[in-house]
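>>> predicted structure and sequence below. I'll ask about it afterward.
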Amino acid sequence: LVTRRSRIAKRYILRGWFSVDLSVLLLDATVIFDTSASAARSVKGLRLARSIRVIRLMKVNRLSGTFEETSLALGRPSLIFVTMLLKTVTWAVIISHFCTCAWFFVGRSVREGGHMSWLEMVEIHE
């Protein structure tokens, strides 16, 4: 177990997720503080930031593997069950979110094509 902050920082910056975290932070700051940016540019920045955040989910997945190994080493298999259950629920929510976004995109595309979509049927207005 590494506890020295200098070694942790060095590993994080050189071999960790520092570049991904920094790019997400810079994109968020640009979108929030750049008042001269057009709305379309801000939306593209937000989409890019969301894409990078999805990449960060891989970091959480690796962390849960480390947690499972530690739980086994400590002789606590019940923690692994709880972890696996939470991971499954989390992935179900993430997949449902992306499916919902795709379905909303379909409804919006149909409406922009001049046809009636499910958005009008359930009275969803942007």
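Looks like it came in fine. Residues are numbered from 1 along each chain as shown.
>>> C-alpha only now, for contacts and for neighbours.
Will do.
>>> now the helices for the chain?
Shown for the chain, the helices assigned by DSSP state H span residues 5-15, 18-33, 39-74, 77-112, 118-121.
>>> with mean neighbour count added, can I get these in TSV?
Formatted as TSV, the helices of the chain follow (neighbours: other CA atoms under 10 Å):
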stretch	mean neighbour count
helix 5-15	11
helix 18-33	14
helix 39-74	13
helix 77-112	13
helix 118-121	13
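>>> make CSV out of these and add mean pLDDT.
Supplementary listing: the helices of the chain in CSV, determined by pLDDT from 0 to 100:
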stretch, mean pLDDT
helix 5-15, 83
helix 18-33, 73
helix 39-74, 67
helix 77-112, 84
helix 118-121, 80
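>>> distance check, the nearest residue to Ile13 once chain neighbours are set aside against Leu27.
Spatially, and ignoring its direct neighbours in sequence, Ile13 is nearest to Ser19 (7.5 Å; CA to CA, 6 or more residues apart in numbering). Using CA to CA, to the nearest Å, we find Ser19 at a distance of 12 Å from Leu27.
>>> repeat that for Leu119.
Computed as CA to CA, the Leu119 to Leu27 distance reads 31 Å.
>>> that older thread, my guess is the residue nearest to Ile13 contacts Tyr12, does it?
No - with contact defined as CA atoms under 8 Å, Ser19 and Tyr12 do not form a contacting pair (9.2 Å).
>>> pull the contacting residues for the residue lying closest to Leu119 once chain neighbours are set aside.
Spatially, and ignoring its direct neighbours in sequence, Leu119 is nearest to Gly107 (6.0 Å; CA to CA, 6+ apart). Each residue near Gly107 by CA atoms under 8 Å, 6 or more residues apart in numbering is listed here: Ser117, Trp118, Leu119.
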